[in-house]
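> with the sequence up front, the predicted model follows.
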Amino acid sequence: MSPPTLLEAPSPQATAPVALSYELFPPRSEAASATLWSTIRQLEATDPDYVSVTYGASGSNHDTALDLVDRIQLETTLRPLAHLTCVGGTPEELTSVVNELLDRGVRGILALRGDAPRSGAPQGALRYAQDLVELIRRAEGRRCAQFAAGKVAIGVAAYPTKHPESPSEGHDVEVLLAKQRSGADFAITQVFFRAEQYGSLVHRARRAGVTIPIIPGIMPFTSLRRIEKLSALSGVAADPALVDRLRSAGDDDAAARRIGTDASVRLAQSALEAGAPGLHLYTFNEHAAALEVLGRLDLPRPSRPLLAARHHTAL
């Protein structure tokens, strides 16, 4: 007879909480800042696990992004996940940026390759996201005593459809595995339009040895113009049927919003049914569509009564 154990398998009825996060980007004007902060307050009331803040090591929004990260930490209950791109940055430059983020209290970084600078990369510049993950881990190792035995959470990108510069989907999975081996903790996917694309990615990744959580990135499909622009920039083909339905709405914004929201909800539900451990909503700094999608999903989330009461009082 086996000895008794304190570790028991979870009940089949037990439902693990689903992770929830949003993407934000730094505002480019005072008006945009006011809109963003209205969005932040609305999203804060949903008690997400973190909000990602887009950020480039050599981008023009350097100061604005850091200011936003600071304000989020000082003025809200939200935890920021700072984006950081590495292409074109030297190890010295990127280590300095990482240390600055850590000095400001950031404990989550989304490590991305980014787009190559038009002027060309300097000698010795990093080329791949896995190199950035390793660099962050080295910076963390030099300061681990400061974190009280904690660690920096590092996220990376994953691609449900073939990356435009990749030779194959198989190569994309190999890259994801390399980022895991370098120290990545989780992955967030690029926008996708078909339910089977997320499930296929997870299946291929698990067969290759990827074990980190792969969180689907969900875009509210409420703007045809935004979908077409994003598709052109990312190289991800939009769903023709969805595009046709949105185009058929014409100038009826309410109809387009209903069509797009229904599509986003179905996509998110399909990803959850395929085992997604969470959802990452691309907000474009607008809360209404993201909250409408979220409101129709009934996600199992941790209960934090005191925080909920605080948000209710603030509103």
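Perfect, I can see it now. Residues are numbered from 1 along each chain as shown.
> can we go C-alpha only for contacts and neighbour counts from here?
Will do.
> list the buried residues of the one helix or strand Leu132 maps to.
Using DSSP states H and E, Leu132 sits within helix 129-141. Residues of helix 129-141 classed as buried by neighbour count (16 or more other CA atoms under 10 Å): Ala129, Gln130, Asp131, Leu132, Val133, Glu134, Leu135, Ile136, Arg137, Ala139, Glu140.
> any idea of the mean pLDDT for the helix or strand following that helix?
The helix or strand immediately downstream of helix 129-141 is strand 153-158, counting by DSSP H and E. Strand 153-158 shows a mean pLDDT of 98.
> in the chain, where's the longest helix?
helix 253-273 (DSSP state H).
> list of residues touching it?
Contact partners of helix 253-273, identified using CA atoms under 8 Å, 6 or more residues apart in numbering, comprise 193-195, 198-199, 216, 218-223, 242, 245-246, 249-250, 278-279, 289, 292-294, 296-297.
> list the buried residues of the helix or strand where Glu100 lies.
Element membership for Glu100 (DSSP H and E) is helix 91-103. Residues of helix 91-103 classed as buried under the neighbour-count rule (16+ other CA under 10 Å) are Pro91, Leu94, Thr95, Val97, Val98, Asn99, Leu101, Leu102.
> count of neighbours near the residue lying closest to Val243 once chain neighbours are set aside?
Nearest non-adjacent residue to Val243, counting by CA to CA, 6 or more residues apart in numbering: Leu224, 6.8 Å away. The number of residues packed near Leu224 is 18, by other CA atoms under 10 Å.
> repeat that for the one 3 residues further on.
Number of residues near Ile227 (other CA under 10 Å) recorded here: 22.
> mind checking the SS state of it?
Taking DSSP: H, G, I helix; E, B strand; the rest coil as the rule, one finds Ile227 in the helix state.
> what about the strands in the stretch 201-315 of the chain?
Using DSSP state E, counting those that start in this stretch, the strands assigned to the stretch 201-315 of the chain run over residues 214-215, 217-218, 278-282.
> would JSON lines of those strands with mean neighbour count be doable?
As requested, the strands of the stretch 201-315 of the chain are arranged in JSON lines below (neighbours: other CA atoms under 10 Å):
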{"stretch": "strand 214-215", "mean neighbour count": "26"}
{"stretch": "strand 217-218", "mean neighbour count": "26"}
{"stretch": "strand 278-282", "mean neighbour count": "24"}
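> for Leu81, which of those strands is the nearest?
Leu81 lies closest to strand 278-282 among those, at 11.8 Å (CA to CA).
> how far away is His66 from Gly108?
No, residue 66 isn't His; it's Leu. 13 Å (CA to CA, to the nearest Å).
> that should have said Leu126, apologies.
20 Å.
> same deal with Pro160?
23 Å.
> same question for Val202.
In terms of CA to CA, Val202 sits 23 Å off from Gly108.
> check the offset of stretch 64-83 from the chain's centre.
Computed by CA atoms, centre = their mean, to the nearest Å, the chain-centroid distance of stretch 64-83 equals 15 Å.
> so for that stretch, what's the average pLDDT?
95.
> count of neighbours near the closest residue to Ser234 other than its chain neighbours?
With sequence-adjacent residues excluded and distances taken as CA to CA, 6+ apart, Ser234 is closest to Pro164, at 7.6 Å. Residues near Pro164, counting by other CA under 10 Å, number 10.
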